[in-house]
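Asks: structure of the sequence below:
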Amino acid sequence: MAKHSRSRGGGNPFGCCCGCLFNCICSCLFQILCTLLVLAGVVALILWLIFRPNAVKFYVDDAALSQFDFSAANNTLLYNLALNMSIRNPNKRIGIYYDVIEARALYAGQRFAAVNLDPFFQPTKNTSDLRAVIKGQNLVPLGDGEKSDYSAQKNNGAYRIDLKLFLQIRLKFWLIKSKKIKPTIDCALDNVPLRSNSGNFERTKCHLDW
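Replies: As a prediction, the model looks like this:
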């Protein structure tokens with residue numbers, strides 16, 4: 001008796017169509033993504049060419065102490081520090097809102113005071129002057145080496161003080177305002193004189209950390 005074998009089909013045509021459709025969608029999405037990336041790069045380049053952003057420059061123009069007395073008995077520092085600072089915005093099309101300006105003074109790596117300065121808006125191509133008086137007393141525990149450094153600086157009539165500015169700013173492009181940016185300004189003041197010694201302070205450029 002002859003056996004009849006059943007012939008099988010040559011495959012599922014729907015599976016082939018689905019595979020081709022999936023590949024087509026992936027290819028289109030990849031092309032769209034590449035196009036968007038290229039457009040974003042072109043827009044960024046155009047904005048940079050228009051605004052030409054330049055870094056803001058910070059300086060401590062003058063710094064002087066009328067009091068800087070450390071008591072080793074109770075690790076207390078009495079201080080009266082006057083600071084004159086300047087901020088230069090060199091940009092032609094970018095204004096800056098300084099919403100928060102917190103100035104912190106440190107000695108031997110330890111913060112001994114902090115003050116908040118008034119917020120303000122800085123227009124383009126502008127230099128703004130800031131003044132701060134940091135006065136009071138605070139606990140500043142110093143080690144033996146730091147106490148020795150303090151005594152040497154006291155004999156010289158000038159002290160090494162670090163100043164840090166913690167900012168919250170917004171940039172203004174025409175009518176557009178950016179989200180808040182929080183840069184930090186570091187100022188190493190190597191020789192802050194006592195007024196009684198008539199020392200001269202050397203203008204110091206600060207470091208901007210975005």
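
Asks: ok, and the closest non-adjacent residue to Thr204?
Replies: Val60 (4.6 Å; Cβ to Cβ, 6 or more residues apart in numbering). Backbone N, C-alpha and C define where each C-beta goes, glycine included.

Asks: that neighbour touches His207, doesn't it?
Replies: No - in this structure, Val60 is not within contact of His207 by Cβ atoms under 8 Å, at 11.6 Å.

Asks: so which of the two has more stuff around it?
Replies: Val60 (24 against 10; other Cβ atoms under 10 Å).

Asks: circling back: where does the residue nearest to Thr204 fall, secondary structure wise?
Replies: strand 57-71 (DSSP states H and E).

Asks: got the domain boundaries for this protein?
Replies: Per automatic domain parsing, the structural domains of the chain span 22-51, 57-209.

Asks: quick one: neighbours of Ala73, just the number.
Replies: Neighbours around Ala73, by other Cβ under 10 Å: 6.

Asks: ditto for Asp144
Replies: 8.

Asks: same thing with Lys172?
Replies: If you count neighbours by other Cβ under 10 Å, Lys172 ends up with 17.

Asks: go on, Ser27?
Replies: The burial count for Ser27: 10, using other Cβ under 10 Å.

Asks: confirm it sits in a helix?
Replies: Yes - under DSSP: H, G, I helix; E, B strand; the rest coil, Ser27 falls within a helix.

Asks: measure it to Met85 for me?
Replies: Computed with Cβ to Cβ, to the nearest Å, the distance linking Ser27 and Met85 is 57 Å.

Asks: gap between Ile101 and Asn89?
Replies: 14 Å.

Asks: before we move on, back to that, report the buried residues of the strand holding Val60.
Replies: 58-60, 62-65, 68, 70 (16 or more other Cβ atoms under 10 Å).

Asks: pLDDT added to these, as CSV?
Replies: As requested, those are exported to CSV (pLDDT from 0 to 100):
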residue, pLDDT
Phe58, 97
Tyr59, 98
Val60, 98
Asp62, 96
Ala63, 96
Ala64, 94
Leu65, 96
Phe68, 97
Phe70, 97
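
Asks: reformat those as CSV; add distance to Leu33.
Replies: Converted to CSV, the buried residues of strand 57-71 look like this (distance: Cβ to Cβ, whole Å):
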residue, distance to Leu33
Phe58, 41
Tyr59, 45
Val60, 48
Asp62, 54
Ala63, 53
Ala64, 59
Leu65, 59
Phe68, 60
Phe70, 62
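
Asks: residues in contact with the residue nearest to Trp210 when sequence neighbours are not counted?
Replies: The shortest distance from Trp210 to any non-neighbouring residue, by Cβ to Cβ, 6+ apart, is to Pro183 (5.1 Å). Taking Cβ atoms under 8 Å, 6 or more residues apart in numbering, we find Pro183 in contact with 167, 169, 208-210.
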